[in-house]
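Asker: Give me a model of this one.
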Amino acid sequence: MTTNSLKPRGIIASVEIAVYVLTTLFVFISKTRYRIEFRKQGGWVYLILFLVLRITSCVLVIVLELTSNPTIGLVVAQVTLTAIALTPLLSAAIGFLKSAAKFGTGQDLPRFFVYALRLSKLALLAAIVIGIIAGSDLANGAESVSSANNGRYLTKVSALILLGVFVSICVYTAWFLSHGNSLGHFRTIVIGVGLSLPFFLVRIIYSILSAFTLSGSGYFSGGVANKFNTINGSWPIYLVMAVLSQFFITVILFIAGVAMQKDIPQRYQNEQDLENASKESAPDSSFSFLLRRLR
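Answerer: Numbering: from 1, shown residues only. Here you go, the predicted model:
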């Protein structure tokens, strides 16, 4: 098997791997330092998921560029990971907003808001499933015209779903900011999500342009119209609109998440300790009320 040298996308992928491995390390250092409980804060879980997916995707980019005759399975994996890359970041933004409400107000969100957030998550799940199917069809597009057509159609659907979720996050952020006084210090994470929205918009525009300019057999067809192609389009456009926008989103959410963690009262982080202590002593009514509020 002969090998090739890295092209610009492969070099970009190499830098991404180094950056995102360090970012993952910082996340786990922050977990230890600030006692972050990932299972109670969905934003961190989705942020880590994005980092893992992105590192894996970058590794596949390098392998594809160094391999003269890559297998169809390798191509499908790369195309699929590229198609679903943005969904964990959108989920992370939603998760951090929910955490801000939980720790900032100590109260449950309005029911309609809970349903709206759940609907957004279901939409993102649908976008992932559609993206996986679309990636598989597009990777096989050179062998089947029907697969290429179906893949292009599903890619457009997935991109439009992401746009819809992005609009909903804008609405959620505006609503949280309008109730900023009740959030206290946790307004910081909401502001962080707000600052990430322009970069989300750039990334989603790139996804939409990529989806609606696909032609021929899919990702592997050439032409000027495919300069937004995520696989073999213009690498400067890819660098600015896809890679850098995702990086800035990650950095902003990470910094805002750490800032939020610093503001979480120690009583929330030691909730289990308080419950254990309550079993060993006879708490008065005020302490019982505190425990109920903490739950």
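Asker: switch to C-alpha atoms for all contacts and neighbour counts from now on
Answerer: Will do.
Asker: Show me where the stretch 151-295 of the chain dips below the pLDDT cut-off.
Answerer: 180-186, 215-225, 262-295 (pLDDT under 70).
Asker: rerun at 80
Answerer: 179-187, 214-226, 229-232, 260-295 (pLDDT under 80).
Asker: Would you map the helices across it?
Answerer: Under the criterion DSSP state H, counting those that start in this stretch, helices of the stretch 151-295 of the chain are mapped to 180-183, 187-212, 235-237, 245-263, 266-269, 271-280, 285-294.
Asker: In the second one, which residues are buried?
Answerer: Going by neighbour count (16 or more other CA atoms under 10 Å), the buried part of helix 187-212 is 187-197, 199-212.
Asker: which strands and helices sit next to it?
Answerer: helix 87-105, helix 145-178, helix 245-263 (3 or more CA pairs under 8 Å, 6 or more residues apart in numbering; DSSP states H and E).
Asker: so which of those gets nearest Asp137?
Answerer: helix 145-178 (4.8 Å; CA to CA).
Asker: Okay, angle between the closest one and helix 87-105 too, please.
Answerer: Computed with axes from the mean of the first three to the mean of the last three CA atoms, to 10 degrees, the direction of helix 145-178 lies at 20 degrees from that of helix 87-105.
Asker: packing partners for helix 145-178?
Answerer: Going by 3+ CA pairs under 8 Å, 6+ apart, helix 145-178 lies up against helix 87-105, helix 111-139, helix 187-212.
Asker: residue contacts, Ala77?
Answerer: Under the criterion of CA atoms under 8 Å, 6 or more residues apart in numbering, the contact partners of Ala77 comprise Leu60.
Asker: in the helix or strand where it lies, what's buried?
Answerer: When secondary structure is defined using DSSP states H and E, the element that contains Ala77 is helix 72-83. The neighbour-count criterion (16+ other CA under 10 Å) identifies Val75, Val76, Ala77, Gln78, Val79, Thr80, Leu81, Thr82, Ala83 as the buried residues of helix 72-83.
Asker: In JSON lines: the residues you listed, plus pLDDT.
Answerer: Supplementary listing: the buried residues of helix 72-83 in JSON lines, determined by pLDDT from 0 to 100:
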{"residue": "Val75", "pLDDT": "76"}
{"residue": "Val76", "pLDDT": "76"}
{"residue": "Ala77", "pLDDT": "82"}
{"residue": "Gln78", "pLDDT": "81"}
{"residue": "Val79", "pLDDT": "76"}
{"residue": "Thr80", "pLDDT": "81"}
{"residue": "Leu81", "pLDDT": "85"}
{"residue": "Thr82", "pLDDT": "80"}
{"residue": "Ala83", "pLDDT": "76"}
